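J.: kindly return the folded structure for what I paste below:
(one chain, ligands or ions: 2)
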Amino acid sequence: MNPQKIYILGIESSCDDTSAAILSNGKVLSNVVASQKIHELYGGVVPELASRAHQQNIVPVIDQAIKQAGIEKKDLSAIAFTQGPGLMGSLLVGTSFAKSLALALDIPLIDVNHMQAHILAHFIDEDEFEKPEFPFLAMTISGGHTQIVKVNDHFDMEVIGETIDDAVGEAFDKSAKILGFPYPGGPLIDKYARLGNPKAFPFPKPKVSDLDFSFSGLKTAVLYFIQKMVKENPNFIEENRDDICASLQYTIINILIDKLKKASKQTGIKRIAIGGGVSANSGIRKALKEREQKYGWKTFVPKFEYTTDNAAMIGIVGYLKFLKGDFTNMSVVAKARAKF
Ligand code: KG4
Ligand code: ZN
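T.: Numbering: from 1, shown residues only. Ligands and ions are numbered 1, 2, ... in the order given. Below is the predicted model:
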């Protein structure tokens, strides 16, 4: 082992992905993700089943991450884990495991905020991926959150806008469920949207003041629209699948881009980053790149594997906190509603 190297084990278990990663300084040596297929049967994440699956997965996932990185447990410098926000039962598995392993190895323990990690994933060392300069705006778009954050420094972040009801990932997943797609439907809407006409069906855009978002009205509009059309033509969904997906995705992207435009104007910041599961969406990635020229923005889109939940993003926050000597202790507890 190189003595100059800091090896961080990152552990993520906030929702339905069990993940472990090893980072050597800012570089990812391994990033293992075990997704839980069981929830597909229920059309959404079942918290009790998620925590049980985390318990089954956590030991093999961590073991594999350490092996893939080519190191041994005794080489670890610290353990970073997701403290919250997330599902309590899921968070407890990662938190307890991280505490026990840090105690056994007698190394520092680092608590990480999941949403902060989605943003700081941009600071993982990756060839061809530039790190944003401060200050920048970060839009976190996931299954549980939709926020616009002003990032002044790694650990100086201000939420300047957020959803007042559903998260954008829920708008994708709940609409997908109405269309009869399995959970999570976001990636499927993305896939079919590429084949359809985005202007085929106009869906309403919510009127929410300032930099906040609302997605519950859109979900209801999709439901009523589909119910009405299926009544007229029972094959409406099958015959128009691609156009429905393209139109829905187009509406969602416009809502997101409009708010980013407003936030950029209000703050004068033109560096824009996105993070969270929905940042995997090909439409939002393309729309952002197109706006670079139009609005003079510089945009930052994470590497695909760091968009949906993963432990590499927890590891990078662990590394940045390690450099500051910002550790927690054995009295730390999981927090379902952690804020930053
Ligand atoms: O960040 P994430 O893995 O978990 C949370 O912290 O919530 O985000 C999961 C969300 C799900 O709603 C999923 O449907 C959505 O991200 N998602 C997508 C795509 N890939 C994942 N939504 C639209 N297009 C995609 N390609
Ligand atoms: Zn997430």
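J.: only C-alpha atoms for contact and neighbour calcs from this point on.
T.: Will do.
J.: helices along the chain, start to end?
T.: With DSSP state H as the definition, the chain shows helices at residue ranges 47-69, 88-105, 114-120, 168-178, 186-193, 216-232, 236-267, 282-295, 312-324.
J.: nearest to residue 199, out of these?
T.: Nearest to residue 199 among the helices of the chain is helix 236-267; the distance by Cα to Cα comes to 5.6 Å.
J.: got the buried residues for that closest one?
T.: By 16 or more other Cα atoms under 10 Å, the buried positions in helix 236-267 come out as 236-237, 241-253, 255-257, 259-261, 263-264.
J.: what subset of these is also close to ligand 1?
T.: Residues of the buried residues of helix 236-267 in contact with ligand 1 (Cα under 6 Å from any ligand atom): none.
J.: what ranges in the stretch 1-150 of the chain fall below the confidence cut-off?
T.: 1-3 (pLDDT under 70).
J.: what does it put close to ligand 1?
T.: Residues of the stretch 1-150 of the chain lying near ligand 1 (Cα under 6 Å from any ligand atom): 142, 143, 144.
J.: please name the nearest non-neighbouring residue to the last one.
T.: The one in question is residue 144. In space, and not counting its chain neighbours, residue 144 is closest to residue 167: 5.5 Å by Cα to Cα, 6 or more residues apart in numbering.
J.: and for the one you found, the neighbour number?
T.: By other Cα atoms under 10 Å, 23 other residues sit near residue 167.
J.: pLDDT of stretch 304-314, averaged?
T.: Here stretch 304-314 scores 97 as its mean pLDDT.
J.: next, see if it gets close to ligand 1.
T.: Yes - residues of stretch 304-314 contacting ligand 1 under Cα under 6 Å from any ligand atom: 308, 309.
J.: first vs last residue of that stretch, how far apart are they?
T.: Taking Cα to Cα, to the nearest Å, stretch 304-314 runs 16 Å from one end to the other.
J.: who touches it?
T.: Contacts with stretch 304-314, where a contact means Cα atoms under 8 Å, 6 or more residues apart in numbering, come from 10-12, 17-23, 28, 30-33, 80-82, 112, 114, 117-118, 120-121, 124, 142, 275-280.
J.: from what I can see residue 229 touches residue 236, true?
T.: Yes - using Cα atoms under 8 Å, residue 229 makes contact with residue 236 at a distance of 6.3 Å.
J.: so which residues on the stretch 201-340 of the chain come close to ligand 1?
T.: Proximity of the stretch 201-340 of the chain to ligand 1, by Cα under 6 Å from any ligand atom, involves residues 276, 277, 278, 280, 281, 308, 309.
J.: let me have those in JSON lines, extended by distance to residue 89 and neighbour count.
T.: What follows is those, written out as JSON lines (distance: Cα to Cα, whole Å; neighbours: other Cα atoms under 10 Å):
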{"residue": "276", "distance to residue 89": "21", "neighbour count": "27"}
{"residue": "277", "distance to residue 89": "21", "neighbour count": "25"}
{"residue": "278", "distance to residue 89": "24", "neighbour count": "25"}
{"residue": "280", "distance to residue 89": "26", "neighbour count": "24"}
{"residue": "281", "distance to residue 89": "28", "neighbour count": "18"}
{"residue": "308", "distance to residue 89": "20", "neighbour count": "17"}
{"residue": "309", "distance to residue 89": "17", "neighbour count": "26"}
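J.: thanks again, I'm all set now.
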